[in-house]
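A.B. asks: from the sequence below, what's the structure:
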Amino acid sequence: MSGFHLHRVPGVHDASARGIWALKVSLAGLLATALLQAAVVALSGSVALLADTLHNFADALTSVPLWIAFRLSQRSRTARFSYGFHRAEDAAGLAILLVILVSAVWAGYEVASRFAAPVTPDRLGLAMSAAVLGAVGNEAVARVRLGVGRQIGSAALVADGQHARMDALTSLAAVAGLGGVALGFPLADPLAGLFITVGILGILWDVGRDVLGRFMDAIDPALLNDIVRVSGGVAGVKEVYDVRGRWLGHRLYAEATISVEGSLSVVEGHRISEEVRHALLHAIPHLADVTVHVDPLEDVPGRHHVLTAHHFSPRPHHHHAHPHDG
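C.D. replies: Below you'll find the predicted structure:
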């Protein structure tokens, strides 16, 4: 047993704990920022600052479903939930999209009402200082979320970090709007609010594409190519094909079929498949597990699959490679 060792998946519990830490820090930071901004909105009446404040409150609230999801992902799998509870993280991503949409609609309504009944904000210096505070707070939160999200492979946390970074830019837009008012252009404030609203919708599009793609099992083809390359480099592997992968939260699961010499024993074929798994678990970031199917190398490809072939639609062929293909 001297050559035997267990692979502890990097970041199953540790990654969730890191994610929860990032959310605690960002939640505290954004709530403090938004509360200070809300107080200034009440004093100044700036609609641009109001739109920015609403967005910061919404951004803080997106930490809650993600926090719940990370806590669920720490639970062990059960007979009913045989893959565990990691999909909750992807569901939290959908909740984040909904919160962003609501904040865009709310901010848009406030901007439209100010165009209809203009209100010139006062205490401009204080309002501009609050908007700068919003920019600094959001950029700090973005760095925490993006750093941890990329480290643990969480698309939802990365998307939330991108959201916070755009919030920092919209806070600067609020500064510009208030500056315009100070220079004698009252409409600069609601125009900045309109710009912020459009920015929120842009965030919704970008974040939605990533989060919905992950929810629908989209995966970077380059990652599948890496699985083919690593698998093909294992001694005894003749071909690698039918490679698939899917994310469950921040954990990656994959499947691959390899072919080996048909004269090998079942024991030898199994040993090679475990060597492939071993290599992949070391080489592919965030890989929780991979199922490796072993086929014999045949003079007539698919000869032994004729009984089941009619149960499946044609499979893509772009993940089919020989080890010597490089």
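A.B. asks: for the helix or strand containing residue 173, buried residues please.
C.D. replies: If you go by DSSP states H and E, residue 173 is part of helix 155-182. Of the residues in helix 155-182, 155-168, 170-181 count as buried by neighbour count, 16 or more other C-beta atoms under 10 Å. C-beta: built from backbone N, CA, C; applies to glycine.
A.B. asks: swap in stretch 52-72?
C.D. replies: Taking 16+ other C-beta under 10 Å as the criterion, stretch 52-72 shows 52-63, 65-70, 72 as buried.
A.B. asks: surely residue 256 is in a strand?
C.D. replies: Yes - judged by DSSP: H, G, I helix; E, B strand; the rest coil, residue 256 forms part of a strand.
A.B. asks: pull the helix or strand with minimum mean pLDDT from this protein.
C.D. replies: For the chain, counting by mean pLDDT, DSSP states H and E, helix 47-61 ranks last in confidence among helices and strands (a mean of 73).
A.B. asks: following that helix, which helix or strand comes up?
C.D. replies: Using DSSP H and E, the next helix or strand after helix 47-61 towards the C-terminus is helix 63-73.
A.B. asks: hmm, residue 84 is touching residue 248, no?
C.D. replies: Yes - counting by C-beta atoms under 8 Å, residue 84 touches residue 248, with 7.3 Å between them.
A.B. asks: so where do the helices sit in the stretch 151-300 of the chain?
C.D. replies: Secondary structure of the stretch 151-300 of the chain (DSSP state H, counting those that start in this stretch): helices located at 155-182, 188-215, 221-232, 266-283.
A.B. asks: could you export those helices as a markdown table, including distance to residue 107 and mean pLDDT?
C.D. replies: Shown next, in a markdown table, are the helices of the stretch 151-300 of the chain (distance: least, C-beta to C-beta, whole Å; pLDDT from 0 to 100):
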| stretch | distance to residue 107 | mean pLDDT |
| --- | --- | --- |
| helix 155-182 | 9 | 78 |
| helix 188-215 | 5 | 80 |
| helix 221-232 | 37 | 95 |
| helix 266-283 | 45 | 95 |
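A.B. asks: ok, which of those helices comes nearest residue 102?
C.D. replies: Residue 102 lies closest, by C-beta to C-beta, to one member of these: helix 188-215, at 10.0 Å.
A.B. asks: helices or strands up against the closest one?
C.D. replies: helix 47-61, helix 87-116, helix 155-182 (3 or more C-beta pairs under 8 Å, 6 or more residues apart in numbering; DSSP states H and E).
A.B. asks: make CSV from these and add distance to residue 296 to it.
C.D. replies: Below are those laid out as CSV (distance: least, C-beta to C-beta, whole Å):
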stretch, distance to residue 296
helix 47-61, 55
helix 87-116, 35
helix 155-182, 38
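A.B. asks: which residue lies farthest from the center of the chain?
C.D. replies: Using C-alpha atoms, centre = their mean, the residue of the chain lying farthest from its centre is residue 263. It sits 44.8 Å away.
A.B. asks: contacting residues around that residue?
C.D. replies: By C-beta atoms under 8 Å, 6 or more residues apart in numbering, no residues touch residue 263.
A.B. asks: report the longest helix in the protein, please.
C.D. replies: Using DSSP state H, we find that the single longest helix of the chain is helix 13-44.
A.B. asks: buried ones in that helix?
C.D. replies: So, applying 16+ other C-beta under 10 Å, buried residues of helix 13-44: 15-16, 18-20, 22-23, 25-27, 29-31, 33-34, 36-38, 40-41, 44.
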